[in-house]
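Chemist: Give me coordinates for this.
(one chain, ligands or ions: 2)
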Amino acid sequence: LVSRKKHPENTIVDLKGEKIGDGAQNLIMGPCAVESYEQVLTVAKAMKDRGLRLLRGGAFKPRTSPYDFQGLGLEGLQILKRVADELDMVVISEIVNPADVELAIDYIDVIQIGARNMQNFELLKAAGSVKKPVLLKRGLSATIEEFIHAAEYIISKGNDQIMLCERGIRTYEKATRNTLDISAVPILKQETHLPVLVDVTHSTGRRDLLLPTAKAALAIGADAVMAEVHPDPAVALSDSAQQMNIPQFNHFIDELQKSGLYQ
Ligand code: PEP
Ligand code: MN
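Modeler: Ligands and ions are numbered 1, 2, ... in the order given. This next block holds a predicted model:
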């Protein structure tokens, strides 16, 4: 059902008026993890000042170590909803437990399924069974074919509002946290009719690479680019090495606009 052969027209995912997949390229930004109301509000206001409404933030954090910050859970979703209601933004947040999907849809606009859960088939089926757009990330070591099969799990349950997100894959290269597979973008667009996104934060793991990889993603035709922003990355409870602070965020937007790749 996700195949372009069966369905030649692009699927456009409408997020409160922000259309993903219609040819205009968008940015999804926000903190790695929701830490407090003030933290999310600060980032959201900076985004709103630049005309951005797609706000990401993790409330349920799938961390590699059990001793790392696990997220605020439901309280995090409540914070996101409060900020989104105040500033008219669209909330994208990861859900890790199939049992939480029903609860989460009252708080968020997009269910994110993270790389570590790309093949959590019960979660895919749960997300496919609700009327909420899904942002599906490519698994850490997933082939493009496996990624497409994961999307098929969602659509086969009746939900065709799916966005695919390339977020880097595991290779032998150590210069970046993962290896951004930029050619996955045109391949996924050829093979499927779904919008394709690129997450430059988790693919590179390096703040200095966010801008060049975002340009590459826009140039190759990504429907949106995701990057993380935190008021003070040095004290962030997760991903402190790669989040941008607010001045860096503004510089990032300025440079993308100057490049002519982003309006
Ligand atoms: C995230 O976007 O918050 C995240 C954890 O990313 P990934 O699942 O791609 O590692
Ligand atoms: Mn992160």
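Chemist: residue closest to the middle of the chain?
Modeler: Against the mean C-alpha coordinate of the chain, by Cα atoms, centre = their mean, the closest residue is Met226 at 5.4 Å.
Chemist: Please tell me how far Val130 sits from ligand 2.
Modeler: Computed as Cβ to the ion, to the nearest Å, the Val130 to ligand 2 distance reads 24 Å. From N, CA and C alone the C-beta is placed, and that goes for glycine too.
Chemist: Begin at 544, not 1, for the rest of this chat.
Modeler: That works, and once the first residue is 544, the last one we named lands at Val673.
Chemist: pLDDT value on that residue, please?
Modeler: Looking at Val673, its pLDDT is 98.
Chemist: wait, it sits on Ile648?
Modeler: Yes - if you go by Cβ atoms under 8 Å, Val673 and Ile648 touch, sitting 5.6 Å apart.
Chemist: now the closest residue to ligand 2 within the stretch 644-793 of the chain, nearest residue through space, not along the chain?
Modeler: Ranked by Cβ to the ion, the top residue of the stretch 644-793 of the chain for proximity to ligand 2 is Asp782, at 3.6 Å. In space, and not counting its chain neighbours, Asp782 is closest to Cys575: 4.0 Å by Cβ to Cβ, 6 or more residues apart in numbering.
Chemist: From Lys548, how far off is that neighbour?
Modeler: Distance of Cys575 to Lys548, computed by Cβ to Cβ, to the nearest Å: 37 Å.
Chemist: Among those two, which residue is more densely surrounded?
Modeler: Per other Cβ atoms under 10 Å, whichever of Cys575 and Lys548 has more neighbours is Cys575, with 24 against 9.
Chemist: Next, the more buried one: phi, psi?
Modeler: Backbone torsions of Cys575, given as degrees, to the nearest 10, read phi -60, psi -60.
Chemist: any residues touching the helix or strand encompassing Val634, and which ones?
Modeler: Secondary structure from DSSP states H and E places Val634 in strand 633-637. The contact list for strand 633-637 (Cβ atoms under 8 Å, 6 or more residues apart in numbering) reads 558-559, 561, 571, 573, 577, 596-605, 619-620, 623-624, 627, 647, 650-657, 678.
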